[in-house]
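Student: Sequence and predicted structure, then a few things I'm wondering about:
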Amino acid sequence: MGESILKLKDVAVFQGENLVLNDISLEIKKGEFVYLIGKTGSGKSSFMKTLYGDLPLKEGDGKIVDFDLKTLKERDIPYLRRKLGVVFQDFKLLPDRNINNNLLFVLKATGWKNKSEMDAKIEEVLGKVGMKTKGFKFPHELSGGEQQRIAIARALLNDPELILADEPTGNLDPQTSVEVMKVLQDINKTGRTILMATHDYALILKYPSKTLKCDGNKVFEVIQKAV
């Protein structure tokens, strides 16, 4: 495996003043597909939020896509997020505009200016998730699985080095979850690194990969048994 995309050493994760996770040391290399598992309330979301700059790193050392989380300033967060793609459980699409305009909004917010380049990029990412013909639809006109594909397309807009997917199949039925998972697998095969928080063990059995677990205020690698 190649270079390190994420490296944490002796990291503690806080939500406000409350210690959520402690003593985390781990590394994710470029091109890996890594699961983050753990019960609801075990700290998965807080861990993810620390990685994309929503929660400050107060203790320990952390580096993600060449950004130092310990010294990360408020003004650096938009630049960090350009190198990360974040996929949320609840899609977070803007309901008052169609899919093309949802994606356009993100491009403009991250500094794109050229209209034809933006249009080409939107077409490219929609193609990658099999949604090329849906750009003129509004979010409410799409199924949950389709909305999640759009959310993944949005995460790809700035060619991120790392995709953080926080329970991306949490609101989907099993069949749709598998379809969304296949999209993520295909993206991973192009060399993108993916860290996916999930409690869907059926998916992990179907697509085994390196697995980290949140449990007892710790995050550690789980060695998967052959099924």
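Tutor: Cool, the structure landed.

Student: alpha carbons only for contacts and neighbour counts from here, please
Tutor: Fine.

Student: Next one: the residue nearest the centre of the chain from F138, what distance?
Tutor: When the chain is reduced to its mean C-alpha position, the closest residue under C-alpha atoms, centre = their mean turns out to be L164, at 1.8 Å. When distances are taken as C-alpha to C-alpha, to the nearest Å, L164 and F138 turn out to be 25 Å apart.

Student: Could I get the full set of helices for the protein?
Tutor: In the chain, the segments counted as helices under DSSP state H are 44-51, 77-82, 99-109, 115-128, 144-155, 174-189, 201-206.

Student: May I have stretch 86-102 as PDB, with CA atoms only?
Tutor: Below are the C-alpha coordinates for stretch 86-102, written out as PDB (Å, rounded to 0.1, in the frame of the first residue of the first chain):
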ATOM      1  CA  VAL A  86     -18.500  13.500   3.000                       C
ATOM      2  CA  VAL A  87     -21.600  11.300   2.600                       C
ATOM      3  CA  PHE A  88     -24.300  11.600   5.200                       C
ATOM      4  CA  GLN A  89     -27.000   9.100   6.200                       C
ATOM      5  CA  ASP A  90     -29.800  11.600   5.600                       C
ATOM      6  CA  PHE A  91     -28.500  12.800   2.100                       C
ATOM      7  CA  LYS A  92     -28.500  16.500   3.000                       C
ATOM      8  CA  LEU A  93     -29.800  17.500  -0.400                       C
ATOM      9  CA  LEU A  94     -31.300  21.000  -0.800                       C
ATOM     10  CA  PRO A  95     -35.100  20.400  -1.400                       C
ATOM     11  CA  ASP A  96     -35.800  23.700  -3.200                       C
ATOM     12  CA  ARG A  97     -33.600  23.000  -6.300                       C
ATOM     13  CA  ASN A  98     -33.100  20.200  -8.700                       C
ATOM     14  CA  ILE A  99     -30.100  17.800  -8.600                       C
ATOM     15  CA  ASN A 100     -28.000  19.700 -11.100                       C
ATOM     16  CA  ASN A 101     -28.500  22.900  -9.100                       C
ATOM     17  CA  ASN A 102     -27.700  21.000  -5.900                       C
END
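
Student: Show residues contacting it.
Tutor: Contacts of stretch 86-102 with the rest of the structure, by C-alpha atoms under 8 Å, 6 or more residues apart in numbering, involve 122, 134-140, 147-148, 150-152, 155, 163-171.

Student: pLDDT of it, averaged?
Tutor: The predicted model assigns stretch 86-102 a mean pLDDT of 93.

Student: What is the least confident helix or strand in this structure?
Tutor: Taking mean pLDDT, DSSP states H and E as the measure, helix 77-82 is the helix or strand of the chain with the lowest mean score, a mean of 87.

Student: got the contact list for it?
Tutor: Around helix 77-82, the neighbours that count as contacts under C-alpha under 8 Å, 6+ apart are 52-53, 65, 67, 110, 158, 160.

Student: which of the residues in that helix are buried?
Tutor: Within helix 77-82, the residues scored as buried using 16 or more other C-alpha atoms under 10 Å are 80-82.

Student: nearest to D200, of those residues?
Tutor: Nearest to D200 among the buried residues of helix 77-82, counting by C-alpha to C-alpha, is R81 at 26.1 Å.

Student: gap between the closest one and T176?
Tutor: R81 sits 27 Å away from T176, taking C-alpha to C-alpha as the criterion.

Student: coming back round to it: and the helices of the chain as JSON lines, adding distance to I24?
Tutor: What follows is these, written out as JSON lines (distance: least, C-alpha to C-alpha, whole Å):
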{"stretch": "helix 44-51", "distance to I24": "10"}
{"stretch": "helix 77-82", "distance to I24": "21"}
{"stretch": "helix 99-109", "distance to I24": "32"}
{"stretch": "helix 115-128", "distance to I24": "34"}
{"stretch": "helix 144-155", "distance to I24": "26"}
{"stretch": "helix 174-189", "distance to I24": "25"}
{"stretch": "helix 201-206", "distance to I24": "22"}
